[in-house]
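>>> what would the 3D arrangement of this be:
(chains A and B)
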Amino acid sequence: QQQVKQSPQSLIVQKGGISIINCAYENTAFDYFPWYQQFPGKGPALLIAIRPDVSEKKEGRFTISFNKSAKQFSLHIMDSQPGDSATYFCAASKTDSWGKLQFGAGTQVVVTP
Amino acid sequence: DAGVTQSPTHLIKTRGQQVTLRCSPISGHKSVSWYQQVLGQGPQFIFQYYEKEERGRGNFPDRFSARQFPNYSSELNVNALLLGDSALYLCASSSGGYTQYFGPGTRLTVL
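Numbering: from 1, shown residues only, chains lettered A, B, ... in the order given. Alright, predicted model coming up:
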């Protein structure tokens, strides 16, 4: 039973375009929502994270939008670059199990020159 | 500063064998979590250890076990290996809050 559902599975975007990845969750106890970037053969690297008391968080070209009532959150990558080509994972965790991240299935992003 | 380190990088085993994977957390971090990542999927939580105590266990069989040492490094053991255990095994460390930092992983291939 997947607690975090991620879409799309893959995404192709032109250089300079916007990449948008969506995630949905069911467990309302989740209170921490990070996004990770993973390159082939490497471990996931934390990009940005948000708590449910904030509707949007921006760090550089990366923005998380959070909709608590819809139980959805998304990652926007502005001005996408070829170096952004990677697999992106959303995840969620909750206070009583803060060391346990529930991951989405991942989105493979390809940025074309 | 050194990040999370894992050893070995790659490992090839045959069915039925046992394997031990090692993880050293970021200096000062007392929590280590282990994840299994099958090719093309998101990481799946296996264990968390905090201050040398098991704090969480995922939906994995008893063939999987782990421990944490006084210096907060950790080992993951898998007995009676199956073909389906082939995966990237990731270790993540945390200072005690939500933020987890992942190591590069150990690629285990079971033949």
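>>> which parts of chain B sit against chain A?
For chain B, the residues in contact with chain A (Cβ under 8 Å from any Cβ of the partner chain) are B:4, B:31, B:33, B:35, B:40-45, B:48, B:50, B:55-56, B:58, B:90, B:92, B:94, B:97-105, B:107. Using the backbone N, CA and C atoms, a C-beta is placed for each residue, glycine as well.
>>> among those residues, which are located in strands?
B:31, B:33, B:35, B:44-45, B:48, B:50, B:55-56, B:90, B:92, B:94, B:101-102, B:107 (DSSP state E).
>>> out of those residues, who has the most neighbours?
Neighbour counts for these (other Cβ atoms under 10 Å in any protein chain shown) peak at residue B:33, which has 29 neighbours.
>>> beta-bridge partners for it, please?
residue B:48, residue B:92 (DSSP bridges).
>>> which ones are touching residue A:3?
A:25, A:26, A:27, A:30, A:92, A:102 (Cβ atoms under 8 Å, 6 or more residues apart in numbering or on different chains).
>>> separate out the buried members of the residues you listed.
A:25, A:30, A:92, A:102 (16 or more other Cβ atoms under 10 Å in any protein chain shown).
>>> give me the subset of those touching chain B.
residue A:102.
>>> and of the ones in strands among the residues of chain B next to chain A, the nearest to residue B:8?
Compare each of those with residue B:8 using Cβ to Cβ and the shortest gap goes to residue B:107, at 8.9 Å.
>>> look up the closest residue to the residue nearest to the spatial centre of chain B, ignoring the ones flanking it.
Geometric centre of chain B, nearest residue: residue B:34, 3.5 Å, by Cα atoms, centre = their mean. Closest residue to residue B:34 apart from its sequence neighbours, by Cβ to Cβ, 6 or more residues apart in numbering or on different chains: residue B:46 at 4.3 Å.
>>> tell me the contacts of the residue nearest to the centre of chain B?
B:23, B:45, B:46, B:47, B:48, B:66, B:74, B:76, B:89, B:90, B:91, B:92.
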